[in-house]
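1. need a structure here:
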Amino acid sequence: MRTYLYCEAGFVEKTQWLPNSWVNIVCPNDDDFEFLTKTLNVPESFLDDIADTDERPRTDTEGNWLLTILRIPVQNKQNGSLPFGTVPIGIITNNEIIVSVCYHNTDLLPDFIEHTRRKGIVVRNKLDLIFRLIYSSAVWFLKYLKQINLDISAAEKELERSIRNEDLLRLMRLQKTLVYFNTSIRGNEVMIGKLKTIFQDTDFLDKELVEDVIIELKQALNTVNIYSDILTGTMDAFASIISNNVNTIMKRMTSLSIVLMLPTLIASFYGMNVDIHLEEVPFAFSLIVLFSIGLSTLAFVIFKKIKWF
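-> Purely as a prediction, here's the structure:
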């Protein structure tokens, strides 16, 4: 899907491309590829790089073209997959052309466009657009982190009632998500330094905007680290609880086996086909049963005292 956006007081959609307008392409099809490569002469190698799901944030140049790849957060709605992830978005620019290409549907881009309209934000140049997209990505990272925190709390409550594999796997997926978020935010943070170096001799650089972006990214990174540490501690705590529960069950089973073994042992002795000198004793069977019960009771009391029951 291809849209042409021109910045007036916020981005306004146009019916055709104009110089210095923003061409936003999401999930490109063959027609979009032809437009990019034939009409705008965008290098095909840039499009191949953006298509790589695991592409890291970086910059690349070819002729007068500049490729900037960022990582933005997305929400996965497929069952069994990570609840959140990150995908690459490429911003391809030269002196007159600004193109963004993303091979995945995201909530970030429509929200960003609507935000610029609602606030009447004027994006002065291509560097402004890149920095504002980085800022918007940090905002969405924080938004998804709040949802992750709620998911962690819900999983903890479920595990407090009953430790199930499903809840442990749920926490494990959230932990993986935090790792991806951490890596992507750090990569975007490194990109700021590279862009400042590239555009340091131009009048494109807005120092106040750069400072705001850095602050927002640091907040997102600190939040990721806090939640990651909390989740790691939670996983370790539940691993210890599971191990302790297993030890408790094994102790109880061992104690029960010993308690039941004593009457069985006595019955085995008196069940032998040998002279036991109790044939003439009245109530011999009752005495043996009472003696067995007494030993079992004594063993139970001992194990209860040492808290094996």
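2. which residues touch the residue lying closest to D52 once chain neighbours are set aside?
-> Leaving aside its sequence neighbours, D52 sits nearest to P88 (C-beta to C-beta, 6 or more residues apart in numbering; 7.0 Å). Where C-beta positions appear, they are placed from N, C-alpha and C, glycine not excepted. Counting by C-beta atoms under 8 Å, 6 or more residues apart in numbering, P88 touches I50, D52, T53, E55, P57, I69, L70, R71, I72, C102, Y103.
3. what's the farthest-apart pair in those?
-> Across the contacts of P88, no pair lies farther apart than P57 and Y103, at 15.7 Å, counting by C-beta to C-beta.
4. before we move on, back to that, now the residue nearest to D52: which helix or strand?
-> For P88, the element it lies in under DSSP states H and E is strand 84-93.
5. how about N149?
-> Following DSSP H and E, one finds N149 within helix 126-161.
6. hang on, the earlier thing: between P57 and Y103, which is the more surrounded one?
-> P57 (23 against 17; other C-beta atoms under 10 Å).
7. where do the helices sit along the protein?
-> 30-34, 44-51, 108-119, 126-161, 165-198, 207-270, 284-305 (DSSP state H).
8. including mean neighbour count, could those helices go into TSV?
-> Shown next, in TSV, are the helices of the chain (neighbours: other C-beta atoms under 10 Å):
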stretch	mean neighbour count
helix 30-34	12
helix 44-51	16
helix 108-119	16
helix 126-161	18
helix 165-198	17
helix 207-270	14
helix 284-305	14
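9. F11 is nearest to which of these?
-> So among the helices of the chain, helix 108-119 is nearest, using C-beta to C-beta, at 5.0 Å.
10. that closest one vs helix 126-161, what angle?
-> Calculated by axes from the mean of the first three to the mean of the last three C-alpha atoms, to 10 degrees, helix 108-119 forms an angle of 120 degrees with helix 126-161.
11. now do helix 108-119: distance to the chain's middle.
-> Put simply, helix 108-119 sits 25 Å off its chain's centre (C-alpha atoms, centre = their mean, to the nearest Å).
12. and the angle from that helix to strand 84-93?
-> Going by the same axes, to 10 degrees, helix 108-119 is angled at 70 degrees with respect to strand 84-93.
13. near T106, how many other residues are there?
-> There are 18 residues near T106, going by other C-beta under 10 Å.
14. pull the residues that contact stretch 102-110.
-> In this structure, residues lying in contact with stretch 102-110 by C-beta under 8 Å, 6+ apart are 24-28, 50-51, 53, 72-75, 87-90, 100, 136-137, 140.
15. show the end-to-end separation of it, please.
-> Terminal residues of stretch 102-110 are spaced 12 Å apart (C-alpha to C-alpha, to the nearest Å).
16. now do that stretch: distance to the chain's middle.
-> With C-alpha atoms, centre = their mean, you get 18 Å for stretch 102-110.
17. mean confidence (pLDDT) on that stretch, please.
-> Averaging pLDDT along stretch 102-110 yields 91.
18. repeat that for stretch 77-90.
-> Mean pLDDT, stretch 77-90: 84.
19. just the CA coordinates for that stretch, please, in CSV.
-> Written as CSV, here are the backbone C-alpha positions of stretch 77-90 (Å, rounded to 0.1, in the frame of the first residue of the first chain):
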residue,chain,number,x,y,z
LYS,A,77,-1.8,-11.5,17.4
GLN,A,78,-1.0,-15.1,16.5
ASN,A,79,-1.4,-17.6,19.3
GLY,A,80,1.8,-19.3,20.5
SER,A,81,4.1,-16.6,19.1
LEU,A,82,5.8,-13.8,21.0
PRO,A,83,3.2,-11.3,22.0
PHE,A,84,5.3,-8.4,20.8
GLY,A,85,8.3,-8.1,18.5
THR,A,86,10.3,-5.6,16.4
VAL,A,87,10.6,-5.2,12.6
PRO,A,88,12.8,-3.1,10.4
ILE,A,89,11.6,0.1,8.7
GLY,A,90,13.8,1.7,6.0
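20. got the buried residues for it?
-> Residues of stretch 77-90 classed as buried: L82, P83, F84, G85, T86, V87, P88, I89, G90 (neighbour count, 16 or more other C-beta atoms under 10 Å).
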